[in-house]
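Visitor: What shape does this take:
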Amino acid sequence: MPVQNSNSDRALSRKQRLQEKQRRQLAVVDTVDKAEAKVRKAEVEVAVAVAEAVQVFGGIQEASEGLDMPIQTVQRFLGMAQDEAASAANVVESVGGS
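Guide: Reported below is the predicted structural model:
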């Protein structure tokens, strides 16, 4: 019987090692997901600030010069701000419509 006990111990040990490896992998995935959410939130905040800058400066070209940011970057942030505003409007509409 000692052979079976040894195999059982090894199998349990292997199972525990695999579970620990999976736990670490899931922890890494969770950390990456949280970091991506923070990056997305920061990008949206910058997009809103850029949209406000476009209004303050009076146009995309002027905001690009005032912010020392390429026009394409200003336009990308404007698109993000518009998408975010549309998304927020959809949420408000679906909550209000219920």
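Visitor: So, low pLDDT: which residues of the protein?
Guide: 1-8, 95-98 (pLDDT under 70).
Visitor: I'd like the distance from the longest helix along it to the chain centre, please.
Guide: Using DSSP state H, we find that the single longest helix of the chain is helix 2-57. Centroid separation for helix 2-57 versus its chain: 12 Å, with C-alpha atoms, centre = their mean, to the nearest Å.
Visitor: Now do whichever helix or strand comes after that helix against helix 2-57: the angle between them, please.
Guide: Going down the chain from helix 2-57, the next helix or strand is helix 60-67, by DSSP states H and E. Between helix 60-67 and helix 2-57, the angle comes out at 110 degrees (axes from the mean of the first three to the mean of the last three C-alpha atoms, to 10 degrees).
Visitor: Remind me what helix 60-67 packs against, helices and strands.
Guide: helix 2-57, helix 71-97 (3 or more C-beta pairs under 8 Å, 6 or more residues apart in numbering; DSSP states H and E). Backbone N, C-alpha and C define where each C-beta goes, glycine included.
Visitor: how far off helix 71-97 does the longest one point, in degrees?
Guide: This means helix 2-57. Going by the same axes, to 10 degrees, helix 2-57 makes 100 degrees with helix 71-97.
Visitor: what's helix 2-57 packed up against?
Guide: Packed against helix 2-57, as judged by 3+ C-beta pairs under 8 Å, 6+ apart, are the following elements: helix 60-67, helix 71-97.
Visitor: Let me know which of those is tucked in deepest.
Guide: Counting by mean count of other C-beta atoms under 10 Å, helix 60-67 has the highest mean neighbour count of the helices and strands packed on helix 2-57, with a mean of 16.
Visitor: All set, thanks.
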